[in-house]
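K.L.:
Just the structure for this:
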Amino acid sequence: MIFSHEHKVAIATQDGKEMAEHFGSAPIFLVYTLREGRVIDIETRSNSSNYASAEKDEGCWQVIEELLPDVKVVISHGMGENAYVGLLRRDVLPLNINEHDAEKAIQAYIRDSLKDNPELVHEPRRGGPIKRVSKR
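P.N.:
All right, here's what the predicted structure looks like:
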C-alpha cells in the first residue's frame, strides 16, 4: 500500500465491478477509505455528467475537483494526459493499470503489487499513447 495513514482511493468503473476504459468517462467511481491496510468504507460516486464526452479539455478537471476532491489515489484503466497531470498537480497519485476487475485492483493496491502502466496515458482528445523519449 502506498500510504500508511488513512486515505481514500478511487477506482474508475463501468458498473461498480468492471473498470472503465477511461477515467473521465467512467460512470461510477468506487471510493475506498483505507486504514492500516484495510478497507473501512466503500462509497459509490456517480459521474452523471459524463464530463469526458465534452469537446473541451476541462472535463477532466471537473471530475477531479467536483467528484473526487478528497481522494489521494486514482486507479484507472486509462486516462488522458490532462487528467494525469491534473491529478499530480493536486497531490493525487494516478495509477493506470491493465487489470479490469475493481476488487482485484484494490486488493493489489493494498498488497502494494499494482503495476502502473504509463502506456495507458494518452494524448488529450487524440486517444494515442504519449510518446516518451528516454534520456540515457
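
K.L.:
Now for this structure, the helix or strand with the poorest mean pLDDT.
P.N.:
For the chain, the helix or strand with the lowest mean confidence is helix 59-62, at a mean of 66 (criterion: mean pLDDT, DSSP states H and E).

K.L.:
strand partners of the following helix or strand past it, parallel vs antiparallel please.
P.N.:
Later in the chain than helix 59-62, the nearest helix or strand by DSSP states H and E is strand 73-76. Based on DSSP bridges, the strands next to strand 73-76 in the sheet, each with its direction, are strand 7-13 (parallel), strand 93-96 (parallel).

K.L.:
Dump the ones you listed to TSV, plus distance to N47.
P.N.:
Where you see a C-beta, it was placed from the backbone N, CA and C, and this is true even at glycine. TSV is the format used below for these (distance: least, CB to CB, whole Å):
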stretch	distance to N47
strand 7-13	8
strand 93-96	16
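
K.L.:
Just say which of those is most tucked in.
P.N.:
strand 7-13 (a mean of 24; mean count of other CB atoms under 10 Å).

K.L.:
Let's test this: mean pLDDT of that one, rounded?
P.N.:
What strand 7-13 shows for mean pLDDT is 97.

K.L.:
what does it rub up against?
P.N.:
If you take CB atoms under 8 Å, 6 or more residues apart in numbering as the criterion, strand 7-13 is touched by 19-20, 22-23, 26-34, 45, 68, 70-77, 79, 102, 105-106, 109.

K.L.:
Before I go, just wanted to say thanks for your time.
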